[in-house]
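S.K.: Compute the structure for the input listed below.
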Amino acid sequence: MKRVLIPGVILCGADVAQAVDDKNMYMHVFEEMTVYAPVPVPVNGNTHYTSESIERLPTGNGNISDLLRTNPAVRMDSTQSTSLNQGDIRPEKISIHGASPYQNAYLIDGISATNNLNPANESDTSSATNISGMSQGYYLDVSLLDNVTLYDSFVPVEFGRFNGGVIDAKIKRFNADDSNVKLGYRTTRSDWLTSHIDENNKSAFNQGSSGSTYFSPDFKKNFYTLSFNQELADNFGVTAGLSRRQSDITRADYVSNDGIVAGRAQYKNVIDTALSKFTWFASDRFTHDLTLKYTGSSRDYNTSTFPQSDREMGNKSYGLAWDMDTQLAWAKLRTTVGWDHISDYTRHDHDIWYTELSCTYGDITGRCTRGGLGHISQAVDNYTFKTRLDWQKFAVGNVSHQPYFGAEYIYSDAWTERHNQSESCSCPLISRQGLYLKLTLPADVDILAESDNPTHYADGFHCNARSPLQGYAMPFLHSVSA
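M.R.: Next comes the predicted model:
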């Protein structure tokens, strides 16, 4: 908790001056005033956000990136969230002390939740091979977390595989003294927002065009949360949280070459989160935690200059972890076993991407490009084993010591997959009937016979990686006397 000391004499300077001029008047004297502000302060290279501070701080769309926005060590991506796309609720990229966003490590209860599959690519453009990724493997809702710790310097030795900083999120644990159910709802919309748009972008923004930038002139955001803490039996209980964050954005369905908007459509941006932790206090020496976690996001897009180019891009991540805390006579042992599945995908509404020399879509005349490029995804399974032994403090002379030792092993299995055949071609003048067959029955039509430059996209690749066993040992030194 940050304390700000404001001397009273500064607050009443006018009264002091008046009292000096008039000897018959007494001078007002105020006692020392202390103002408390719920702003986490960096201490020894880390900033700790409790559930109370998370609840009080402005967290925008509810992502970890929004929580860390005011931290002096964190810099947000100035191009990702602007006045042009306020309807987007996807987590923003963050840089810690100038490092690249994909060089940060994200953890949930100490287990890696970092997405290492092409995390530098966050492009949402239409392509047969483009899968948008992000270094945050789970799109967590911070309102469901117990605490978040940001390590930006003096990072403990147990964390590795990063060059920027470490963000460790802790899921709430069952508390037998606080059985409760909580419901939450938040909303905002474009009607409540005043945006300042550059003159060069005003026309495209008002149209709701999309392409390299996905404008959102008209949107509605609704956030729902449900959490509960319940005892199931003696010394056994569960805490869980569910949330849905949704943004409904109205954009142009198609904008012709002469700037005419041919219809509008609503595009959804959704992030679902489900977290639960079962806790069993088996005895004074043993405590077990079973954690289940899931986040799923989907974003509807189109390219307004291409008819029928609708597509869905998203992320699905889920996993489980088992923790056992053992209190020994001379130390505390913590053992963790976990599995996480992190995936990203792009799914077009159509499997054929083609250019017509004479467009047959609606009232469009002349050349047009339309369609989609099928379904492609990438995924990784991470298997983690982690252990840590914290010794009791002992003193040598005037210095106390508390060493801890540990090890971590991660096995990763990653792959990319094309789920269906996709064709790309440039078609000459053909009949409307023939075009209809190509769109609805692509597998039964020989598209190559009418294509000058055909391209076939086949299956992807599969690989696995085995990280070396990482061990660490770190003594704590604390002076107890001068």
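S.K.: List the residues that contact K182.
M.R.: Residues near K182 by CB atoms under 8 Å, 6 or more residues apart in numbering: T225, L226, S227, F228. Just so you know, the C-beta spots here come from the backbone N, C-alpha and C atoms, and that holds for glycine as well.
S.K.: Can you turn the buried part of these into a PyMOL selection?
M.R.: In PyMOL, the members of the contacts of K182 classed as buried (16 or more other CB atoms under 10 Å) are selected with the following command:
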select buried, resi 225+227
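S.K.: Report the two of the contacts of K182 separated the most.
M.R.: For the contacts of K182, the farthest-apart pair by CB to CB is T225 and F228; their separation is 11.0 Å.
S.K.: ok, the nearest residue to N116 once chain neighbours are set aside - contacts?
M.R.: The shortest distance from N116 to any non-neighbouring residue, by CB to CB, 6 or more residues apart in numbering, is to V380 (7.0 Å). Taking CB under 8 Å, 6+ apart, we find V380 in contact with N115, N116, L117, H341, I342, S343, S412, D413, A414, W415.
S.K.: Try it again at 7 Å.
M.R.: The contact partners of V380, taken as CB atoms under 7 Å, 6 or more residues apart in numbering, are L117, I342, S412, D413, A414.
S.K.: swap in N206?
M.R.: Residues counted as contacts of N206 (CB under 7 Å, 6+ apart) are P217.
S.K.: Just the element for the residue nearest to Y224 when sequence neighbours are not counted, please.
M.R.: Excluding its sequence neighbours, the residue lying closest to Y224 (CB to CB, 6+ apart) is R244, at 4.9 Å. Element membership for R244, per DSSP states H and E: strand 236-252.
S.K.: quick one: the strands in the stretch 201-350 of the chain?
M.R.: Counting by DSSP state E, counting those that start in this stretch, the stretch 201-350 of the chain has strands at residues 218-233, 236-252, 264-280, 286-301, 311-327, 331-348.
S.K.: As TSV, those strands with mean pLDDT and distance to H196 would be great.
M.R.: Shown next, in TSV, are the strands of the stretch 201-350 of the chain (pLDDT from 0 to 100; distance: least, CB to CB, whole Å):
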stretch	mean pLDDT	distance to H196
strand 218-233	94	17
strand 236-252	94	19
strand 264-280	93	23
strand 286-301	95	25
strand 311-327	95	28
strand 331-348	94	33
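S.K.: need those strands in a markdown table with distance to L57, can you?
M.R.: Shown next, in a markdown table, are the strands of the stretch 201-350 of the chain (distance: least, CB to CB, whole Å):
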| stretch | distance to L57 |
| --- | --- |
| strand 218-233 | 15 |
| strand 236-252 | 17 |
| strand 264-280 | 18 |
| strand 286-301 | 21 |
| strand 311-327 | 25 |
| strand 331-348 | 27 |
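S.K.: quick one, which of these is nearest to V148?
M.R.: Among the strands of the stretch 201-350 of the chain, strand 264-280 comes nearest to V148, with 13.3 Å by CB to CB.
S.K.: Distance from the chain centre to the closest one, please.
M.R.: Relative to its parent chain, strand 264-280 has a centroid offset of 11 Å by CA atoms, centre = their mean, to the nearest Å.
S.K.: one step back: which of the contacts of K182 sits closest to I171?
M.R.: For the contacts of K182, the minimum distance to I171 (CB to CB) is 10.9 Å, reached by S227.
S.K.: What residue, apart from its backbone neighbours, is nearest the closest one spatially?
M.R.: Leaving aside its sequence neighbours, S227 sits nearest to G241 (CB to CB, 6+ apart; 3.9 Å).
S.K.: hang on, the earlier thing: what residues does the residue nearest to Y224 make contact with?
M.R.: Residues near R244 by CB under 7 Å, 6+ apart: Y224, V270, D272.
S.K.: what do you get for P58?
M.R.: P58 touches nothing, counting by CB under 7 Å, 6+ apart.
S.K.: Am I right that it is in a helix?
M.R.: No - counting by DSSP: H, G, I helix; E, B strand; the rest coil, P58 is not part of a helix but coil.
S.K.: just the buried members of the contacts of V380?
M.R.: Listed as buried from the contacts of V380 are L117, I342, S412, A414; burial here means 16+ other CB under 10 Å.
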